[in-house]
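# build the 3D model from these lines:
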Amino acid sequence: MNQREKYENGLFTVRFIGDELKLHGVNIYDLSHSLLAIQRIVHKAHLSVEGSLVKGAFPNKEIRQSLALQIGERRRTSDAFALVPILTDPNVQEYLKKLADYVFSGIAGYYVGDVLDRVRKEKNQDKQIFIGSIYTEVANIVNRIDASGGVEAISLGAPALNQETIAAFTSDSKIYLSKLKNETFLGNYQEIKGRVYKLYPASKIIAIRRSGGRTVSIFLSDTDFDRIRYHKESNPLFLFKGRPRYQFGVETKIVSEFEADEIEYIIDNLD
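Just a heads-up that it's a prediction; the model follows:
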């Protein structure tokens with residue numbers, strides 16, 4: 001395989017753009033942060049497809065080898081890098097090609113500027129969590145723009161999907177991502193139950209303990225909060241109906257915050 005073929009068949013491409021880069025290449029700091037972010041996004045895509053994207057999860061050694069990328073070519077004139085799979089196994093390459101499509105469908109909203117709308121409308125919970133979870137990695141790439149290395153824009157592409165440019169991030173993208181930092185989105189409707197052990201009257205939030213010792217903060221209406229606040233039983237057991245809240249950058253389906261539309265007192269003291 002010659003250099004031209006490697007570039008055109010690259011799984012991903014990342015191009016650093018800037019007037020200063022006509023005089024010197026991208027520095028190691030900007031390059032390494034960007035490449036590591038792309039590799040981590042690929043890991044998260046795999047975990048998401050497998051339904052196992054939770055906090056602290058990491059592909060095992062064998063899977064990481066299958067997902068590993070390497071630099072296939074660098075085009076110095078535009079400071080573009082083509083990333084290709086380390087393994088040449090056709091099955092591995094085909095799987096990574098499918099992941100590439102999944103990856104860029106998640107990144108697209110951050111580039112277009114409608115990721116909040118996309119993540120809130122996404123019906124597939126695994127895909128929804130994936131889109132929100134890659135915020136940190138996308139920000140790590142975009143934050144290389146207008147830093148000390150002379151990078152003015154960063155373009156991502158997918159030659160293997162016949163798409164030269166998937167996302168072209170600029171300084172405006174950097175501003176947009178900074179505004180997303182504290183944004184949240186709601187997951188699928190569900191029911192959870194637990195014992196109330198703490199109340200926060202100023203914010204109408206309660207804390208519950210679920211089976212297994214996990215704690216969840218529940219956001220309530222004024223009426224439901226008062227119903228629990230003035231309940232005669234200490235440490236009561238309630239059923240909460242609503243949707244979990246997730247923050248951008250959080251990489252887990254495990255519920256830690258929950259917006260309740262309805263509550264129901266459970267008389268039975270057994271969980």
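# so which residues of this structure form strands?
Listed in chain order, the strands of the chain (DSSP state E) span 12-17, 69-75, 80-85, 153-158, 163-169, 184-186, 190-200, 205-209, 215-219, 237-247, 257-265.
# do you know which of these lies nearest residue 30?
Taking C-beta to C-beta, strand 12-17 is the member of the strands of the chain nearest to residue 30, at 6.9 Å. (C-beta placed from N, C-alpha, C; glycine too.)
# still on that earlier bit, let's have the strands of the chain in TSV, adding mean pLDDT and distance to residue 23.
Shown next, in TSV, are the strands of the chain (pLDDT from 0 to 100; distance: least, C-beta to C-beta, whole Å):
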stretch	mean pLDDT	distance to residue 23
strand 12-17	95	13
strand 69-75	91	16
strand 80-85	94	16
strand 153-158	95	17
strand 163-169	90	22
strand 184-186	91	43
strand 190-200	94	55
strand 205-209	96	54
strand 215-219	96	52
strand 237-247	94	41
strand 257-265	96	48
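# let's have the ones you listed in JSON lines, adding distance to residue 146 and mean neighbour count.
Formatted as JSON lines, the strands of the chain follow (distance: least, C-beta to C-beta, whole Å; neighbours: other C-beta atoms under 10 Å):
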{"stretch": "strand 12-17", "distance to residue 146": "12", "mean neighbour count": "23"}
{"stretch": "strand 69-75", "distance to residue 146": "23", "mean neighbour count": "16"}
{"stretch": "strand 80-85", "distance to residue 146": "19", "mean neighbour count": "22"}
{"stretch": "strand 153-158", "distance to residue 146": "9", "mean neighbour count": "21"}
{"stretch": "strand 163-169", "distance to residue 146": "11", "mean neighbour count": "17"}
{"stretch": "strand 184-186", "distance to residue 146": "27", "mean neighbour count": "18"}
{"stretch": "strand 190-200", "distance to residue 146": "39", "mean neighbour count": "16"}
{"stretch": "strand 205-209", "distance to residue 146": "38", "mean neighbour count": "19"}
{"stretch": "strand 215-219", "distance to residue 146": "36", "mean neighbour count": "18"}
{"stretch": "strand 237-247", "distance to residue 146": "25", "mean neighbour count": "19"}
{"stretch": "strand 257-265", "distance to residue 146": "33", "mean neighbour count": "16"}
